[in-house]
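A.B. asks: please work out how this folds:
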Amino acid sequence: MSLKEQEITEILTAVAEGREGAMERLMEQVYADLVGVADRHLKTRHGPDLAGLTLEPAALANETFLKLIKQRNRYDSRGHFFAIATRVMLRVLNDYYRARDAAKRGGGLERISLSGLGAEYAHGPGSEIPDFLDALKELDELDERTAEVTKLRLIWGLTVPEIATASGMSVATVEHEWGFARRWLRSKLS
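C.D. replies: As a prediction, the model looks like this:
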């Protein structure tokens, strides 16, 4: 476990115990990561200038962090925290896209590229965000561990070794889960 991972885990314990100033220290440690993930996620889906998007990466990170605070969950580790943060960020994005599409009455749906699924998805048609989120939800119901690996890979952009470290799984197990998830998502979204 790296020094930063250990520090975040200790801060998460302090937050769970209600220690004074722990929430502020947590925000200092994870906020940049949350903004980075939100920025990467939105730019991947909408281009570098985020054309036509009213949701900024900082706003997505802020909303995610606020919802995490409201949940008052106990997080066992940095990996557990980011797994929950992934779920929360996906819910925030899903709510945003559904509200936006409802306002437009279904017009102008955005397409996304699932870069981690394979070369055929890098140049071919993407999937609508709600379809992708529905597929992730279905995968979560079928196999929670595979869904967590998928979220850490696609949403947070973690590498296979980083996922193994964060989740406590072996690299071989993560590779197996990720291979299955890619094939399953391909079949669901094609």
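A.B. asks: contacting residues for the nearest residue to Thr146 once chain neighbours are set aside?
C.D. replies: Of all residues not flanking Thr146 in the chain, Glu177 sits nearest, at 4.6 Å (CB to CB, 6 or more residues apart in numbering). In this view, the C-beta of every residue, glycine as well, is placed from N, C-alpha and C. Residues in contact with Glu177 (CB atoms under 8 Å, 6 or more residues apart in numbering) are 143, 145-146, 149-150, 169.
A.B. asks: now Glu177: how far from Glu5?
C.D. replies: Remark: distance between Glu177 and Glu5 (CB to CB, to the nearest Å) = 21 Å.
A.B. asks: over to Met169?
C.D. replies: Taking CB to CB, one finds Met169 at 15 Å from Glu5.
A.B. asks: between these two, tell me which one has more neighbours.
C.D. replies: Met169 (19 against 14; other CB atoms under 10 Å).
A.B. asks: are we agreed that that one is in a helix?
C.D. replies: No. Met169 sits outside any helix when classified using DSSP: H, G, I helix; E, B strand; the rest coil, being coil.
A.B. asks: thought it was touching Ile163?
C.D. replies: Yes. Contact status for Met169 versus Ile163: in contact at 7.3 Å, counting by CB atoms under 8 Å.
A.B. asks: how far does stretch 62-80 sit from the chain's center?
C.D. replies: 13 Å (CA atoms, centre = their mean, to the nearest Å).
A.B. asks: can you tell me the distance between the two ends of that stretch?
C.D. replies: 19 Å (CA to CA, to the nearest Å).
A.B. asks: list of residues touching it?
C.D. replies: With CB under 8 Å, 6+ apart, stretch 62-80 has contacts from 4-5, 8-9, 12, 15-16, 23, 27, 30-31, 34, 38, 81, 84-85, 88-89, 91-92, 165-168.
A.B. asks: what mean pLDDT does the helix or strand hosting Lys70 have?
C.D. replies: For Lys70, the host element (DSSP states H and E) is helix 57-71. Taken as a whole, helix 57-71 carries a mean pLDDT of 85.
A.B. asks: what residues of whichever helix or strand comes after that helix count as buried?
C.D. replies: Proceeding N to C from helix 57-71, the next assigned helix or strand is helix 78-103, under DSSP H and E. Within helix 78-103, the residues that count as buried by 16 or more other CB atoms under 10 Å are 78-90, 92-94, 96-97, 100-101.
A.B. asks: try stretch 130-150
C.D. replies: Neighbour-count burial for stretch 130-150 [16+ other CB under 10 Å]: 132-133, 135-136, 139-140, 146-150.
A.B. asks: please enumerate the strands of this protein.
C.D. replies: 111-112, 127-128 (DSSP state E).
A.B. asks: name the nearest residue to Val35, ignoring sequence neighbours.
C.D. replies: Leaving aside its chain neighbours, Val35 sits nearest to Ala61 (4.3 Å; criterion: CB to CB, 6+ apart).
A.B. asks: alright, I will stop here.
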